[in-house]
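Engineer: Predicted model follows, preceded by the sequence.
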Amino acid sequence: MARRHVGLPYKELLQMPSSNINNIGTRSLLPTRYFLYFLMTDPAELHTASLVIDTHADTPQRFVDEGWNFTDPLGTGMLNLASAQAGNLAAEFLAIWVEPEAWRGRFVYRTLQLIDATLEQVRKHPGQLRLGLTPADIVQAHKDKIFCILMGIEGGHSIEADLGLLRLYHQLGIRYMTLTWTNTNEWADSSGDLDDPTITHHDGLTVFGRSVIREMNRLGMMVDVSHVSDKTFWDVLQTTHAPIIASHSSARSLTDTPRNLTDEQLRAVATNNGVVMVNFYPSFIDENWRTAWNATKADREPLYKAAAAPYIDRGEPVPYGSALAVDRKFYAERLAAHMPLAPLSALIDHFDHIAKVAGIDHVGIGSDFDGFAILPAGISSAADLPKITAALVERGYTPEQLKKLLGGNLLRVFADVQAEAAKE
Ligand SMILES: [Zn+2]
């Protein structure tokens, strides 16, 4: 749909005599219903009036590795308290992610270190941050104008094939678990290493893997299928009694990476009454960007190695921030001149596609802030979230639909998961 009359502020449009509105000349191109929504919907007001939830940010590593606080200025990051407030973000699920190579043999230690650092942020800033454990906590914090922090574990290797650890993480406040990261673990295949012959795969979930799903159902912990292999995805749907989430995945029919969900999978999540949260990573939302960025991999590899070398020499784990710094510099110095940022419209296309294929009740925001280095055009932090609402209004989404997408759908799934736990 072409952007023509919506360049006018909506208040101006409202004040116009109807003969002038007819003269704008686009009315006949649009269904009247959509035209009326344009007139009645101020995207900024709609965004501010909505409860906005994001289900994936990799920020906790900054607390530990950089001694950075959530209330500090952004620095090189994409999410902090000020940007969340500016973007009317009410709640964030912070990813407790353990890099599997750097922390081999010490997964539990690193998991606990990241959980502790996140809980410490909440403890140190009681007037500004609050830990969320239930959907009601998110709603209450929003009413109290306090930012709600929730925690999800990214990568089932953190439980070291032990249901006891899963239960203890739940006690500490973990409310979802992404079953794998890019690494296959003892009980679930990842999409990230399926072509690696040195890895033992399981053809999806093992028998123990199925018991992990059932224990998560019993605990009321959301099952997250982002990163898993297609076979694991289908095994999860066969096993779970509760709706699932994909905390940070986009649509594969638009951008062809195994990290995204196929249309068949999108429809299956809808049947399960779950929700797919759109990832902002340019390689997952823009096929041109994905191809061009992948083509530079061989040039980037030695730079990652050089950045990691001082840590390795000191016998220290390499912080993830070192690779992000390489990517930022590489893009700025070597690519930016001829490779523009992924357009915002590419990101909006994924929201639109998932809303059309799975339905408006099954789509949401899973930014992956701080999990990669370069965002799409127009988005530099959580402060830019209102631009997504504005772009979707422009495509004809109604206030009721957008409230679902911005947070309502995730609240529904979270509540369903906890209701199922109460039954089990
Ligand atoms: Zn991830």
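Structural biologist: Looks like it arrived, so ask away. Numbering: from 1, shown residues only.
Engineer: From Leu406, how far out is Pro282?
Structural biologist: As for Pro282, its distance to Leu406 is 22 Å (criterion: Cβ to Cβ, to the nearest Å). In this view, the C-beta of every residue, glycine as well, is placed from N, C-alpha and C.
Engineer: oh sorry, the question was meant for Phe208
Structural biologist: Computed as Cβ to Cβ, the Phe208 to Leu406 distance reads 37 Å.
Engineer: Could you do Asp72 as well?
Structural biologist: If you measure Asp72 against Leu406 using Cβ to Cβ, the figure is 26 Å.
Engineer: in terms of contact, does Thr71 touch Ser83 like I think?
Structural biologist: No - in this structure Thr71 lies outside contact range of Ser83 using Cβ atoms under 8 Å: 11.3 Å.
Engineer: ok, the two, which is more surrounded?
Structural biologist: Neighbour comparison, Thr71 and Ser83: the larger count goes to Ser83, with 20 against 14 (by other Cβ atoms under 10 Å).
Engineer: who touches stretch 110-127?
Structural biologist: The set of residues external to stretch 110-127 that reach it, using Cβ atoms under 8 Å, 6 or more residues apart in numbering, is 60-61, 63-64, 69-71, 81, 94, 96-99, 103, 129-131, 146, 149, 151, 153, 158, 169, 172-174, 317.
Engineer: coming back round to it: neighbour count for Phe208 and Leu406, which is higher?
Structural biologist: Regarding Phe208 and Leu406, a neighbour count based on other Cβ under 10 Å identifies Leu406 as having more, with 26 against 14.
Engineer: that's a strand at that one, yeah?
Structural biologist: No - under DSSP: H, G, I helix; E, B strand; the rest coil, Leu406 sits outside any strand and is assigned helix.
Engineer: for it, what are its contacts?
Structural biologist: When the contact criterion is Cβ under 8 Å, 6+ apart, the partners of Leu406 are 47, 50-53, 364-365, 389.
Engineer: For Ala86, give me its contacts.
Structural biologist: 382-383.
Engineer: That one and Phe372, how far apart?
Structural biologist: The separation that Ala86 has from Phe372, given Cβ to Cβ, amounts to 21 Å.
Engineer: any idea of the pLDDT on Arg4?
Structural biologist: With respect to pLDDT, Arg4 has a value of 34.
Engineer: Tell me the spacing between the residue nearest the centre of the chain and Leu112.
Structural biologist: Per Cα atoms, centre = their mean, the C-alpha nearest to the average position across the chain is that of Gly366, at 1.9 Å. Between Gly366 and Leu112 the distance, using Cβ to Cβ, works out to 24 Å.
Engineer: Likewise for Leu131?
Structural biologist: Using Cβ to Cβ, we find Leu131 at a distance of 16 Å from Leu112.
Engineer: now swap in Ile365 and tell me
Structural biologist: 28 Å.
Engineer: Same drill for those two, tell me which one is more crowded.
Structural biologist: Between Ile365 and Leu112, counting by other Cβ under 10 Å, Ile365 is the more crowded of the two (25 against 17).
Engineer: which residues of the stretch 301-424 of the chain fall in strands?
Structural biologist: With DSSP state E, counting those that start in this stretch applied, the stretch 301-424 of the chain shows strands at 363-365, listed in chain order.
Engineer: wait, I meant the stretch 51-200 of the chain
Structural biologist: With DSSP E, counting those that start in this stretch as the definition, the stretch 51-200 of the chain shows strands at residue ranges 52-57, 89-97, 129-131, 147-154, 174-178.
Engineer: Most tightly packed of those strands?
Structural biologist: Neighbour counts averaged per stretch over the strands of the stretch 51-200 of the chain are highest for strand 52-57, at a mean of 28; criterion: mean count of other Cβ atoms under 10 Å.
Engineer: what's the distance between it and the middle of its chain?
Structural biologist: Its chain's C-alpha centre and that of strand 52-57 lie 6 Å apart, by Cα atoms, centre = their mean, to the nearest Å.
Engineer: which residue sits closest to Met216 in space, ignoring its chain neighbours?
Structural biologist: Spatial nearest neighbour of Met216, chain neighbours left out: Val223 (5.3 Å); criterion: Cβ to Cβ, 6 or more residues apart in numbering.
Engineer: shouldn't the one you found be in contact with Met177?
Structural biologist: Yes - between Val223 and Met177 there is a contact at 7.1 Å, judged by Cβ under 8 Å.
Engineer: joint contacts of these two?
Structural biologist: By Cβ under 8 Å, 6+ apart, the residues touching both Val223 and Met177 are Met216.
Engineer: residues contacting the residue nearest to Met216?
Structural biologist: Listed by Cβ under 8 Å, 6+ apart, the contact partners of Val223 are 176-177, 179, 213, 216-217, 236, 240, 242, 244-245.
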